[in-house]
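K.L.:
coords please:
(chains A, B and C)
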Amino acid sequence: MPELAQVVVDVPTMQTNQPYTYQIPPTLEKQIQVGVRVIVPFGNGRRTVQGFVVGIDQETKYEGKLKPIQAIMDLQPVISSELMELSKWLADSTYSFWISCLYTMLPSLLKAKTARIIRIIDEVDEHVAFDIFHGKDELEMTDVQDNPKILSELLKLQKAGKIAIEYQVEDRAHAKTVTGIRPRLNFEQLEDERISLHSNAHAQNRLISYLQSLNGQTVKFKEAQRITGLKPATFNQGQKKGWLEKVPIEVYRQPLDMQGTPDDQHLAAPLTLNADQEAAVNKINHAIDDHASQVFLLQGVTGSGKTEVYLQSIANALKQGKTALMLVPEISLTPQIVNRVRRRFGSKVAVLHSSLSNGERYDEWRRIERGEAQVVVGARSAIFAPLKNIGLIVLDEEHESSYKQDESPRYHAREVAKWRGKYNHAPVVLGSATPSLESRARAVKNVYHLLRLPHRVNQQILPPINIVDMRDEVKKHGESNFSQTLLGELADRLQKGEQSILMLNRRGFSSFMMCRDCGAVLKCPNCDISLTLHMDTRTMKCHYCGHEEPIPHECPNCHSRQIRYYGTGTEKVEQELHQLLPGARIIRMDVDTTRRKGMHAKLLRQFGHHQADILLGTQMIAKGLDFPNVTLVGVLNADTGLGLPDFRASERTFDLLSQVSGRAGRANKQGKVIIQTYNPDHYAIQDAKEHNYEKFFKQEMMLRRQAGYPPYYYTVRLMASHPEEAKAAGAMAKIYEQLKNGLSSSTIILGPTPRAIARMKRRYYYQIVIKYKKDPHLHQLLFDILQNTQSRGFKDVQVSIDPDPQYFM
DNA sequence: AGCACGCCGACT
DNA sequence: GTCGGCGTGCTC
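P.N.:
Numbering: from 1, shown residues only, chains lettered A, B, ... in the order given. The predicted model follows:
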């Protein structure tokens, strides 16, 4: 009985979101397994696509003629049975394509690039040969794709049989290799060769001795040259004479920050735990030992030693012969934290950063997949690390919204962590100083087990927080980003040789150009949003689509020269600071200064070595940094996030202020925090000032209950977009009708409304938010709606569904 | 996604 | 009369 393969193909559409059945050719019979990538013919013509084998069956319901699998890409499955199960659940729970979920779990290099090549197969006239093919006999489709004139010409030639379109699927994943050499002759044979040498061929003589000493082993070419001191030419001679052969040796790429990893003989010892930490570690370790997929919420104030709890629990998992996964938000995945884990677990650690090159990321992935690394530290997508036999999963800063991916598949790493915890019978530890309301509410209901670390490790008190009312300040001293209080404290630190951190809350805020005469604001031609000034490139940029244009000298609307920029960017603050404190050395950290690879780490290192007095930055400096000499933290504008139409605005503000406050006075020096705000009485700011999470939690829960927001309600957001506003609105109206008819009466439908940024990338967006407590038909209904939008009446409409959205805007 | 098939308007 | 526009449907 020949076996058949079920293949999910790389065609991400609703209609093709299912396995297709293929014959397994006899030559591949042994190699085809669930989880390998294959190349299959799909559709008419010679088109081939990559796909994943998701099942192997004896029979199929499909009546038509089956095609055979064309090629296999992997010797071993790249998707384990666990990840295969996970991919199905992920596709279902996030309303995504199965194929997208499979690719999301793998390093991007394993996504094959399909190229369409146009090849001349018969005589063509000169015009075609030179103007289109430039004298060559083949052409990449991507080069001519958006030239309709050439395209139609090529189509004619194809019909005439003069050219053919070929499909090429190329695997971009290549293991890095270095050249190695290996003797081809044994000791005696080499000895015979020696006899036939000229007596003055000293180099070759030495080469023979060296080859004999290798005993048939392979060594790196570079290494052999270093040891023998012989020239490459000598080895090449030897190769010619058949004494040795060159072979590729597979090596792992070494990420820059990996250098300096201690060898496994000199690892750092665990720190001594205080009573709270020890209690937490014991509970977690019991769960690990009992194979209990319990979820813990580890709530500890900043500086309470959460990381040490993670590390010692991970150590226990390793001791049990299991593996461990530790997730950290991208923004706090600093060299500081990575090195701390490496010092503890050495070469067992693999790190998955966003700043790794694709090749480095692939290599780290392979190390994990082969079981060479048992501890994985990484950001969101590392939750799909191919670890086997997981004993513990840690999510640090579990409240961070960056754990939710904001494109399809819109998964939340916390939910995936819980799924994998359950599958592996392993506990999940969610850690935070300011847990998300959802998680804390679950702890209250005993769905999660709450573990507390209420004390800082050195019994330090939390730094006092001063709130400066900027309304008074502006009245007394005029417009400035700096209050007198903050300036005074900064000057004081400068004089004492201590350092300061200044944070500019950029959310919902940027520098834009406005005409003082007519009030026109410079906007993006593609998106409904103002352009942001970037002094480093001297351009105006759109943060949504990347559009870029030169800084105008006059108003595009009324041609007035009175055009100025408004708002507060880090650059503008830096300039102001230079004027106010001329002697201060400032490091500015924002997306612009950290774009280049390694800059983030470099700037932090400079600040750590006290090569600057003030670190000025956006949210990216709020998390995880630990500089003993920092005794002052200033927040320039605490409340810019509060005015946003977002039900999590208060929670985010509270988190941000709590986190940034923790940056002050972490060593033996007392720290101080100054928060400038126009809303000094807002509860989020007042509760942060008092370091009072409990009070904030109660207040916020009350408001969420009143307004019907999470965690009292579940939410789903549906979005539809179209280049024409009326079409987007129309599509959403139809969807609204379907929802209204299909949902239970207790479910609340908000909208349809235009999104806060109604136009993005030349498309108009409309949305609906659904709030529900229990609605058994919702899930299926949403799938039906997605299916419906593939049909007439929804032409060119893109519909997406965001379960449990992080923002409503 | 990519391609073929099929049905209507403006041209060699 | 045909060429080619795009709306519709299918891909194991």
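K.L.:
quick check: mean pLDDT across stretch A:208-215?
P.N.:
Taken as a whole, stretch A:208-215 has a mean pLDDT of 91.
K.L.:
touching it from outside, list them.
P.N.:
A:182-183, A:185, A:187, A:190-191, A:193-194, A:197, A:224, A:227-228, A:230, A:238, A:243-244 (CB atoms under 8 Å, 6 or more residues apart in numbering). In this view, the C-beta of every residue, glycine as well, is placed from N, C-alpha and C.
K.L.:
only the buried residues of it, if you could.
P.N.:
A:208, A:210, A:211, A:212, A:214 (16 or more other CB atoms under 10 Å).
K.L.:
for the lengthiest helix in chain A, list the C-alpha coordinates in CSV.
P.N.:
Assignment by DSSP state H gives helix A:725-742 as the longest helix of chain A. Extracted in CSV, the C-alpha atoms of helix A:725-742 (Å, rounded to 0.1, in the frame of the first residue of the first chain):
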residue,chain,number,x,y,z
GLU,A,725,-12.8,54.7,2.1
ALA,A,726,-16.4,53.8,1.1
LYS,A,727,-15.4,50.2,0.3
ALA,A,728,-13.7,49.7,3.6
ALA,A,729,-16.7,51.1,5.4
GLY,A,730,-19.1,49.1,3.3
ALA,A,731,-17.3,45.8,4.0
MET,A,732,-17.3,46.5,7.7
ALA,A,733,-21.0,47.3,7.6
LYS,A,734,-21.7,43.9,6.0
ILE,A,735,-19.6,42.2,8.7
TYR,A,736,-21.5,44.1,11.3
GLU,A,737,-24.8,42.6,10.1
GLN,A,738,-23.4,39.1,10.2
LEU,A,739,-22.1,39.6,13.7
LYS,A,740,-25.4,41.1,14.9
ASN,A,741,-27.3,38.2,13.6
GLY,A,742,-25.0,35.5,14.9
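K.L.:
is it anywhere near DNA strand C?
P.N.:
No: using CB under 7 Å from any atom of the strand, helix A:725-742 never reaches DNA strand C; the gap is at least 12.3 Å.
K.L.:
so what does that helix touch, helix or strand wise?
P.N.:
Under the contact definition 3 or more CB pairs under 8 Å, 6 or more residues apart in numbering; DSSP states H and E, helix A:725-742 sits against strand A:714-722, strand A:748-760, strand A:763-772, helix A:778-788.
K.L.:
by how many degrees do that helix and helix A:778-788 diverge?
P.N.:
For helix A:725-742 against helix A:778-788, the angle by axes from the mean of the first three to the mean of the last three CA atoms, to 10 degrees is 140 degrees.
K.L.:
how about helix A:725-742: buried residues?
P.N.:
Residues A:725, A:727, A:728, A:729, A:730, A:731, A:732, A:734, A:735, A:736, A:739, A:742 are the ones in helix A:725-742 that count as buried (16+ other CB under 10 Å).
K.L.:
quick check: mean pLDDT of it?
P.N.:
The model assigns helix A:725-742 a mean pLDDT of 91.
K.L.:
swap in stretch A:339-351?
P.N.:
Throughout stretch A:339-351, pLDDT has a mean value of 94.
K.L.:
same check on stretch A:367-385?
P.N.:
97.
K.L.:
buried residues in stretch A:220-232?
P.N.:
In stretch A:220-232, counting by 16+ other CB under 10 Å, buried: A:221, A:224, A:225, A:228, A:230.
K.L.:
spit out the contact partners of the third one.
P.N.:
Meaning residue A:225. Counting by CB under 8 Å, 6+ apart, residue A:225 touches A:231, A:232, A:235.
K.L.:
quick one: secondary structure of the residue lying closest to the second one once chain neighbours are set aside?
P.N.:
Computed as CB to CB, 6 or more residues apart in numbering, the closest residue to residue A:232 that is not its neighbour in sequence is residue A:225, at 6.4 Å. Of the three states, residue A:225 takes helix according to DSSP: H, G, I helix; E, B strand; the rest coil.
K.L.:
now residue A:438
P.N.:
Going by three-state DSSP: residue A:438 is helix.
K.L.:
for DNA strand C, see how far away it is.
P.N.:
From residue A:438 across to DNA strand C, the span is 38 Å (CB to the nearest atom of the strand, to the nearest Å).
K.L.:
just checking, that residue touches residue A:710?
P.N.:
Yes: with contacts counted by CB atoms under 8 Å, residue A:438 reaches residue A:710, the gap being 5.9 Å.
K.L.:
which residues of the stretch 1-150 of chain A lie near DNA strand B?
P.N.:
Checking the stretch 1-150 of chain A against DNA strand B by CB under 7 Å from any atom of the strand, the hits are A:11, A:12, A:13, A:15, A:16, A:43, A:44, A:45, A:47, A:114, A:116.
K.L.:
taking those, please make a PyMOL selection of just the buried ones.
P.N.:
A single PyMOL command selects the buried members of those (16+ other CB under 10 Å):
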select buried, chain A and resi 11+16+114+116
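K.L.:
what about DNA strand C: which of the residues of the stretch 1-150 of chain A next to DNA strand B touch it?
P.N.:
Applying CB under 7 Å from any atom of the strand to these, those adjacent to DNA strand C are A:11, A:13, A:15, A:16, A:43.
K.L.:
any figure for the gap between residue A:696 and DNA strand C?
P.N.:
Following CB to the nearest atom of the strand, the distance that separates residue A:696 from DNA strand C is 51 Å.
K.L.:
now do the helix or strand that residue falls within, average pLDDT.
P.N.:
Using DSSP states H and E, residue A:696 maps to helix A:693-707. Mean per-residue pLDDT for helix A:693-707: 95.
K.L.:
so how far is it from its chain's centroid?
P.N.:
31 Å (CA atoms, centre = their mean, to the nearest Å).
K.L.:
for that helix, name the packing helices and strands.
P.N.:
helix A:437-444, helix A:649-661, helix A:683-689.
K.L.:
pull the residues that contact it.
P.N.:
Against helix A:693-707 from outside (CB under 8 Å, 6+ apart): A:299, A:433-435, A:437, A:440-441, A:647, A:650-651, A:654, A:658, A:683-684, A:687-688, A:710-712.
K.L.:
can you flag the buried ones in those?
P.N.:
Applying 16+ other CB under 10 Å to the contacts of helix A:693-707 flags A:299, A:433-435, A:437, A:440-441, A:647, A:650-651, A:654, A:658, A:683-684, A:687-688, A:710-711 as buried.
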